[in-house]
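[1] Kindly return the folded structure for what I paste below:
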Amino acid sequence: MSDRPRFARQTTVDACQALLEIGPLLVAPDDDVVAILRRAAVHPETRLLGVTGPDGRIVGVIPILRLAESIIARVSPESLLANVGDLAAAARFTHSIEDRTAADIMLEPATIRGTATVSDAFRMMRQRSLSGLYVVDEDGRPTGYLDLLELAVRSADELDLGRSTGA
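    Model (predicted):
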């Protein structure tokens, strides 16, 4: 039982990432949201897209839900309008209708270095309410993608969770 907490605290992102299969899905800030949506549909396993600048560094991220909402706001605004309950939400909704590029919908970068621990990665994803992080080198260029669901499954496998309980 004592190995379980140690696994997350001592395993580096690089070591864990070597076991994972989901790769990064990168877009440019001026890429059209419809084109991005089509690319993302071909790779549904990637739940967080990375936005890279001209120098190859991560400048932002786009959660799949945010991408889908930017399209739905234009196609079927009434389906999202029901959730608008205050002035701030109304302003965000109005802006969503005008979203055209990755830069319009991206959030602040969500990155982690390979030397960080799995525990650090889980903490950052939880704090940011994100389902993934981009692993970057010391210059901020992506070297991989760390997916929350895939990471949780691998963590359970590494710890032999479920096998000892008969699940």
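
[2] Assign a three-state SS to residue 134, would you?
    Of the three states, residue 134 takes strand according to DSSP: H, G, I helix; E, B strand; the rest coil.

[3] residues in contact with stretch 120-133?
    Applying C-beta atoms under 8 Å, 6 or more residues apart in numbering, the external contacts of stretch 120-133 come out as 8, 13, 16, 46-48, 61, 63-64, 110-112, 145-149, 151. For glycine as for every other residue, the C-beta is placed from the backbone atoms N, C-alpha and C.

[4] May I see the ChimeraX selection of the buried members of those residues?
    Entered in ChimeraX, the line below selects the buried ones among these, by 16 or more other C-beta atoms under 10 Å:
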select :8,13,16,46,47,48,61,63,64,110,111,112,145,146,147,148,151
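
[5] Among the contacts of stretch 120-133, name the ones in strands.
    Mapping the contacts of stretch 120-133 onto strands (DSSP state E) picks out 48, 61, 63, 111, 112, 145, 146, 147.

[6] What segments of this protein are strands?
    Residue ranges of the strands in the chain, as given by DSSP E, are 26-27, 48-52, 58-63, 111-113, 132-136, 142-147.

[7] Let me know which of the ones you listed is the nearest to residue 158.
    Taking C-beta to C-beta as the criterion, strand 142-147 is the member of those that comes nearest to residue 158, at 14.6 Å.

[8] send the alpha carbons of the closest one over as PDB?
    Listed in PDB are the C-alpha atoms of strand 142-147, where the atom choice follows Å, rounded to 0.1, in the frame of the first residue of the first chain:
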ATOM      1  CA  PRO A 142       6.600  20.200 -27.300                       C
ATOM      2  CA  THR A 143       8.200  16.800 -26.900                       C
ATOM      3  CA  GLY A 144       5.000  14.900 -26.100                       C
ATOM      4  CA  TYR A 145       1.500  14.900 -24.800                       C
ATOM      5  CA  LEU A 146       0.300  13.600 -21.400                       C
ATOM      6  CA  ASP A 147      -3.400  12.600 -21.400                       C
END
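
[9] and it with strand 132-136, angle?
    Between the axes of strand 142-147 and strand 132-136, defined by axes from the mean of the first three to the mean of the last three C-alpha atoms, to 10 degrees, the angle is 160 degrees.

[10] what pairs with residue 49 across the strands?
    residue 62 (DSSP bridges).

[11] How many residues are close by it?
    As a burial measure, residue 49 scores 27 neighbours (other C-beta atoms under 10 Å).
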